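Visitor: here is a sequence with its predicted model. Questions after.
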Amino acid sequence: MEASTDHATSSTGYKSAWLPLCVTTVGTFMSILDSNIVNIALPSMLKGFHAGLGSGQLIVAGYVIALAVVIPLSGFLGERVGMKRLYMATLAFFLTGSALCGLAWNIQSLIAFRVLQGLGGGMLQPLGMAIVFTIITPRDRPKYMALLGLPALIAPMIGPTIGGYIVQYSSWRIVFLMNLPVGLADIFLASVLLRETPRNFATRMDFKGFGLAAVAFPTLLLALSQGDDSGWLSTEVLVLAAIGVVALISFVRHELRHDDPMLRLDLFSDPIFRRALFVQWIGFFSLFGLNFLIPIYLQRVSGYEAGDAGRLLLPMGLVAFITMNVAGKLYYKVGPRPLVICGLLVLALTTWLWSRAGPGTSPIVLMAVASGRGLGLGMFGQIVQVVAYNAVPDGSLPRATSLVNTCQRIVSAFSTAVLTTVLLVGVTAAGAPASTSIAAGTAPADATTSAFRYVFLLMTVISLAGIGIAIGLRDKVLEQHRSEDLEKVSPAATGAGSAGGAVEAR
């Protein structure tokens, strides 16, 4: 789908698309940051309200459930309401929930307002991506990869650090209230800089699909997130998993038969779209796993404090941002396949190097290995997303972004659950007493190191498996433009040859 010329390069050489893209980046960044920053402030919230750990789980789970409910709905609403109008409304919804969370008077009100916040925040990421891809042409998408990947790259890294400082030197309420000035400014800029998309009044709400999705995705996410704490064979987890699986199967069958589905599952019939997402899921399995495990590793194995561990990981984001810019330029010369394969190789190598580290490993070495993760992410993370969206037919981007984001939530929860389980089984297999805990720091150092080694080796194997799938990656848009460029050159050469032949004939 080609973008409008409204965002073309100006006479000064400045691409006016950058400002609208920055607007959507801010909203996406706020949504992802809020998912990461609250966890570190949770103990302070529970202490202030004299609440137990069960209430803390509801604070986190309420937000996750709300996200899972509204993300599949974002594609339909974007088409029906208009993406600019919906983006501003959901951002206002998110800010209202944030303000109410900051003013909560008891634990029950905080849980309720977190759900409200999640209902707004859940749409910001898929909407932001859909708006971005309607502003820029498919051919220009690689140029903007660094900006598109910035929220998902930076927010998880700085969230715990910012939250830690806020809780240490101020109140946990600031975690929520700080969203207000940034969000209000973003709403104003969105009203000025974003251009409204056409509304599709012919589309109809898929109520049955929405109902099944509202049951399937939250229950699956809750089962995956609570399996490690409650036990995978506990009644609670088994019931949630059973309900989620049955609802998911029913949802898939319904959506494939519906003439106007809420999630365009038929997009998986395109081999390029399907292959790109499979590669992305495999890569994200290791990326989300490392994002979750490395801070724990640095504190429990290497013995760093939380702040020192965070500073050790900061260069990783800088390396990833630089690599994304370089990869965006190389994309036009070499195409997606070599970049993605190299990225997965780097990811596999750096993950394997984590398995060779130990308590005495130098911080310089740890920083270099962590930065290698950023190098791998920059080479393939956004590349496969561009390939996937370039395979989407015209007019299907809103539904495609909601589908991709829904799958990403499930994959991230699945990877965290699997790797945490392997870690717990590994520390027991390494000889740690049953009553010890890696999270609490009570497990023996040798057993903890061995358990992390098992997990890193598993992620290394999975990363290598992704290379086999990545071999078949191709970008139809890039191939089409290359063909058109060749056709522009060929007629001139053909014409010259024909003229010469005519002279000889005469």
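Guide: It's in. Note that the structure is predicted; figures quoted are calculated from it, not measured.

Visitor: isn't residue 301 right up against residue 445?
Guide: Yes - between residue 301 and residue 445 there is a contact under Cβ atoms under 8 Å: 7.2 Å. No exception for glycine: its C-beta is placed from N, CA and C like everyone else's.

Visitor: find the residues that touch each one of those two.
Guide: residue 359 (Cβ atoms under 8 Å, 6 or more residues apart in numbering).

Visitor: more neighbours: these two, which one.
Guide: Neighbours of residue 301 and residue 445, each counted by other Cβ atoms under 10 Å, are more numerous for residue 301; the result is 19 against 14.

Visitor: OK, contacts around the more buried one?
Guide: Taking Cβ under 8 Å, 6+ apart, one finds 357, 358, 359, 445, 448, 449, 452 in contact with residue 301.

Visitor: okay, among those, which ones form the most distant pair?
Guide: 357 and 445 (13.2 Å; Cβ to Cβ).

Visitor: now the helices for the stretch 401-506 of the chain?
Guide: Applying DSSP state H, counting those that start in this stretch to the stretch 401-506 of the chain gives helices spanning 445-470, 476-505.

Visitor: quick check: domain ranges of the protein?
Guide: Listed by automatic domain parsing, the domain ranges of the chain are 15-198, 207-259, 263-489.

Visitor: would you format those domains as TSV with mean pLDDT included?
Guide: Shown next, in TSV, are those (pLDDT from 0 to 100):
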stretch	mean pLDDT
domain 15-198	81
domain 207-259	84
domain 263-489	82
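
Visitor: centre-most residue in this protein?
Guide: Centroid check for the chain by Cα atoms, centre = their mean gives residue 152 as the closest residue, at 5.5 Å.

Visitor: now that one: closest residue in space, sequence neighbours ignored.
Guide: Leaving aside its chain neighbours, residue 152 sits nearest to residue 32 (6.0 Å; criterion: Cβ to Cβ, 6 or more residues apart in numbering).

Visitor: how far does the helix or strand containing the one you found sit from its chain's centre?
Guide: Per DSSP states H and E, residue 32 falls inside helix 18-49. How far helix 18-49 lies from its chain's middle: 14 Å, per Cα atoms, centre = their mean, to the nearest Å.

Visitor: give me the buried positions along that helix.
Guide: 20-21, 23-38, 40-42, 44-46, 49 (16 or more other Cβ atoms under 10 Å).

Visitor: one more: stretch 247-267?
Guide: With burial defined by 16+ other Cβ under 10 Å, the residues of stretch 247-267 counted as buried are 247-248, 250-251, 254-255, 258, 261-265, 267.

Visitor: now it - C-alpha only, CSV.
Guide: Only the C-alpha atoms of stretch 247-267 are listed here, as CSV (Å, rounded to 0.1, in the frame of the first residue of the first chain):
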residue,chain,number,x,y,z
ALA,A,247,-11.6,-21.0,23.4
LEU,A,248,-8.6,-20.5,21.2
ILE,A,249,-9.5,-23.5,19.0
SER,A,250,-13.1,-22.2,18.7
PHE,A,251,-11.8,-18.7,17.9
VAL,A,252,-9.6,-19.9,15.1
ARG,A,253,-12.3,-22.0,13.6
HIS,A,254,-14.8,-19.1,13.7
GLU,A,255,-12.4,-16.5,12.3
LEU,A,256,-11.4,-18.7,9.4
ARG,A,257,-15.1,-19.2,8.4
HIS,A,258,-16.2,-15.6,9.0
ASP,A,259,-16.4,-13.3,6.0
ASP,A,260,-15.3,-10.2,8.1
PRO,A,261,-13.1,-11.6,10.9
MET,A,262,-11.7,-9.6,13.8
LEU,A,263,-8.2,-11.1,13.3
ARG,A,264,-7.2,-11.8,9.7
LEU,A,265,-5.9,-15.3,10.4
ASP,A,266,-6.1,-16.0,6.6
LEU,A,267,-2.9,-13.8,6.3
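
Visitor: what residues does that stretch touch?
Guide: With contacts defined as Cβ under 8 Å, 6+ apart, stretch 247-267 is touched by 72-73, 75-76, 203-204, 206, 208-210, 212-213, 215-217, 219-220, 273, 392, 396, 399-400, 402-403, 406.

Visitor: how near is the residue nearest to residue 284 when sequence neighbours are not counted to residue 462?
Guide: Sequence neighbours aside, residue 411 is the residue nearest to residue 284 in space, at 5.5 Å (criterion: Cβ to Cβ, 6+ apart). Using Cβ to Cβ, to the nearest Å, residue 411 is found at 12 Å from residue 462.

Visitor: ok, residue 107 next?
Guide: Taken as Cβ to Cβ, the span from residue 107 to residue 462 is 39 Å.

Visitor: residue 135 now?
Guide: Per Cβ to Cβ, residue 135 is found 35 Å from residue 462.

Visitor: also residue 417?
Guide: Taken as Cβ to Cβ, the span from residue 417 to residue 462 is 15 Å.

Visitor: the more surrounded of those two?
Guide: residue 462 (21 against 18).

Visitor: residue 281 is in contact with that one, correct?
Guide: No - counting by Cβ under 8 Å, residue 281 is not a contact partner of residue 462; they are 9.9 Å apart.

Visitor: and residue 239, how many neighbours?
Guide: 12.

Visitor: check which helix or strand covers it.
Guide: helix 235-257.

Visitor: which parts of the helix or strand just after that helix are buried?
Guide: Next helix or strand after helix 235-257 toward the C-terminus (DSSP H and E): helix 271-300. Within helix 271-300, the residues scored as buried using 16+ other Cβ under 10 Å are 272-273, 275-300.

Visitor: and stretch 180-200, by the same measure?
Guide: Quick answer for stretch 180-200 (16+ other Cβ under 10 Å): 183, 186, 187, 190, 193, 194, 197.

Visitor: contacting residues around the fourth one?
Guide: Counting by Cβ under 8 Å, 6+ apart, residue 190 makes contact with 23, 24, 27, 84, 87, 88, 91.

Visitor: which one of the residues you listed sits closest to residue 340?
Guide: With Cβ to Cβ as the yardstick, the closest approach to residue 340 among these comes from residue 24, at 24.7 Å.

Visitor: for the closest one, which non-adjacent residue is spatially closest?
Guide: Residue 24 sits nearest to residue 128 (Cβ to Cβ, 6+ apart), 3.7 Å away.

Visitor: and that neighbour, what element?
Guide: helix 107-135.

Visitor: quick check, distance from that helix to the centre of its chain.
Guide: The mean C-alpha position of helix 107-135 is separated from the chain mean by 14 Å, Cα atoms, centre = their mean.

Visitor: buried residues in that helix, which are they?
Guide: 107, 110-135.

Visitor: and that helix, what does it pack onto?
Guide: Where contact means 3 or more Cβ pairs under 8 Å, 6 or more residues apart in numbering; DSSP states H and E, helix 107-135 is packed against helix 18-49, helix 53-70, helix 74-81, helix 83-102, helix 145-169, helix 397-429.

Visitor: helices or strands next to the fourth one in the packing?
Guide: For helix 83-102, the elements it packs on are helix 18-49, helix 74-81, helix 107-135, helix 173-177, helix 179-193, judged by 3+ Cβ pairs under 8 Å, 6+ apart.

Visitor: run the last query once more with 10 Å
Guide: Counting contacts by 3 or more Cβ pairs under 10 Å, 6 or more residues apart in numbering; DSSP states H and E, helix 83-102 packs against helix 18-49, helix 53-70, helix 74-81, helix 107-135, helix 173-177, helix 179-193, helix 397-429.

Visitor: ok, the second one next?
Guide: Identification of packing neighbours for helix 53-70 by 3+ Cβ pairs under 10 Å, 6+ apart yields helix 18-49, helix 83-102, helix 107-135, helix 207-230, helix 397-429.
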